[in-house]
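In: Give me a 3D structure for the following:
(one chain, ligands or ions: 1)
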Amino acid sequence: MADLILKPGKERSLLRRHPWIFAGSVARTEGRLRPGDTVTVLDRDHRPLARAAWSPHSQIRARVWSFDPAAPVDHAFFKRAIAAAVRRRAGHPWLSGQQGMRLVHGESDGLPGVIIDRYGDVVVVQLTSAGADKWRDAIVDAVIQATGCANVYERSDSDLRALEGLQAMSGMLAGSLPQDLSIEEYGVRMAVDVVQGHKTGFYLDQRENRALARTLAAGRRVLNCFCYTGGFSLQALAGGASEVLSIDSSAPALETARRNLALNPALDATRAEWRNDDVFQAMRGLRADGRRFDMIILDPPKFAPSAAHAERAARAYKDINLQAFRLLEPGGVLMTYSCSGGIGIELFQKIVAGAAIDVGADARILHRLAAAPDHPVGLAVPEGEYLKGLVCQQA
Ligand code: SAH
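Out: You can find the predicted model right below:
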């Protein structure tokens, strides 16, 4: 059994149930330790505080599995934790019955470094910390037991693994993949490519925001920027949009988007236009062509992975929002998002406000949006809050 002894005062964040122990907080360790091993965390007076996973290569040197310092971290621990996360979601009226759902959302479900998404009969596991990596077998057994789903695919190819000294790992862990995997999301069928798709295959975090887009789209000319496989586009069509122009720089994503439209014969495909282009360029082109829209969706990739990138990212966010206000008709609606952890909601609102002011747009916020409830934010872990959105209406 190994111990991690904290420097004086460094127990404070743990007492507030924050699960990360940074390198600078560690006085020393005692006992033999390999990456991912469980340590008992002690304060300077050797009072036990928690049990954590040791990550020698990461700036986050240990991540707490349990704030009970006597808790065994074993197969039964993962069974309980994963079953509890699945149960919490089953009890939420927006989530129960969803075919695509995040079952475990890392720190916010008490399982640092563990992401588990379900798409119909397939579960995708992403392990991003040394501790999570060590318990792969226990995690897979637990999720099979909690869901009854026998097909488990691993997509541990996140950049975060390099920070932990871990290699990328992808492949089948149990069962097999069906030929054409798809999910139904509020009546719209969407293909999910768990092998090649972004993240674990799909942007589940935007599910409720896509549903909101659907309710706002009736009769509107919609521009969907950064459309990926067309999630917002198809919901807008389902909501009665008069036309939907969707733009993405990824040709494979657009190919899937077209296929998704074909999977939904009830939608009027003649109203959809797909463009493989860079959004920054394309928006300027649309303005030059005199195109106008009644609803614009901006869901760009993470421009600022951390606060260090915030300034450059802020300029990029401002640019696309500014272009959007220019393309909006009076009364038009802008749905604008940032999934950058390095940009907080207050800064994001300032950026959008700055964009409106620069182009003389008179706009107001109708909705403040976040990730769907299967991506909860632990109250003790505000860092988990990454996705924010604003729905603004032009005068
Ligand atoms: N709204 C989507 C998810 C968007 S993810 C959904 O609900 O599923 C961000 C997308 O932006 C990716 O598909 C990526 O290919 C695309 N992208 C990144 N940079 C881009 C750029 N400069 N121009 C156009 N698309 C870009």
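
In: going forward, measure contacts and count neighbours with C-alpha atoms only.
Out: Fine.

In: What segments of the stretch 51-200 of the chain are strands?
Out: Residue ranges of the strands in the stretch 51-200 of the chain, as given by DSSP state E, counting those that start in this stretch, are 60-66, 100-105, 114-119, 122-127, 151-156, 169-174, 182-185, 188-191.

In: how near is the residue lying closest to Asp121 once chain neighbours are set aside to the ligand?
Out: Closest residue to Asp121 apart from its sequence neighbours, by Cα to Cα, 6 or more residues apart in numbering: Cys149 at 5.8 Å. From Cys149 over to the ligand the distance is 24 Å, taken as Cα to the nearest ligand atom, to the nearest Å.

In: Gly231 too?
Out: The span separating Gly231 from the ligand equals 5 Å under the rule Cα to the nearest ligand atom.

In: Repeat that for Glu329.
Out: When Cα to the nearest ligand atom is applied, the distance between Glu329 and the ligand equals 22 Å.

In: Next: Thr215.
Out: When distances are taken as Cα to the nearest ligand atom, Thr215 and the ligand turn out to be 15 Å apart.

In: Give me the pLDDT for that residue.
Out: At Thr215 the predicted local distance difference test score is 98.

In: what's it in contact with, if anything?
Out: Residues near Thr215 by Cα atoms under 8 Å, 6 or more residues apart in numbering: Ala236, Gly239.

In: what sits against the residue lying closest to Phe67 once chain neighbours are set aside?
Out: Closest residue to Phe67 in three dimensions, ignoring its sequence neighbours and counting by Cα to Cα, 6+ apart: Ala50, at 4.3 Å. Taking Cα under 8 Å, 6+ apart as the contact definition, Ala50 lies against Leu14, Thr40, Val41, Leu42, Val64, Trp65, Ser66, Phe67, Asp68, Pro69, Ala70.

In: partners of the residue in the stretch 1-150 of the chain that the ligand sits nearest to in the sheet?
Out: When you check the stretch 1-150 of the chain against the ligand by Cα to the nearest ligand atom, the closest residue turns out to be Gly100, at 12.4 Å. Under DSSP bridges, the beta-bridge partners of Gly100 are Tyr119.

In: Could you do the one 4 residues further on as well?
Out: Under DSSP bridges, the beta-bridge partners of Val104 are Ile116.

In: Can you report how many residues lie near it?
Out: Val104 is flanked by 30 other residues according to other Cα atoms under 10 Å.

In: for the one 3 residues further on, same thing?
Out: By the other Cα under 10 Å criterion, the neighbourhood of Glu107 contains 24 residues.

In: My guess is it contacts Ala380. True?
Out: No: applying Cα atoms under 8 Å, one finds Glu107 not in contact with Ala380, separated by 9.4 Å.

In: Give the full set of residues in contact with Thr229.
Out: With contacts defined as Cα under 8 Å, 6+ apart, Thr229 is in contact with Ala253, Leu254, Glu255, Thr256, Ala257, Arg258, Asn260.

In: In three-state terms, label the second one for me.
Out: Right, the one you point to is Leu254. Leu254 falls in the helix class when you classify it by DSSP: H, G, I helix; E, B strand; the rest coil.

In: Ramachandran coordinates for the closest residue to it other than its chain neighbours?
Out: By the measure of Cα to Cα, 6+ apart, the closest residue to Leu254 outside its immediate chain neighbours is Thr229, 5.8 Å from it. Dihedral pair for Thr229: phi -90, psi 20, per degrees, to the nearest 10.

In: try Trp20
Out: With angles defined as degrees, to the nearest 10, Trp20 shows backbone torsions of phi -100, psi 140.
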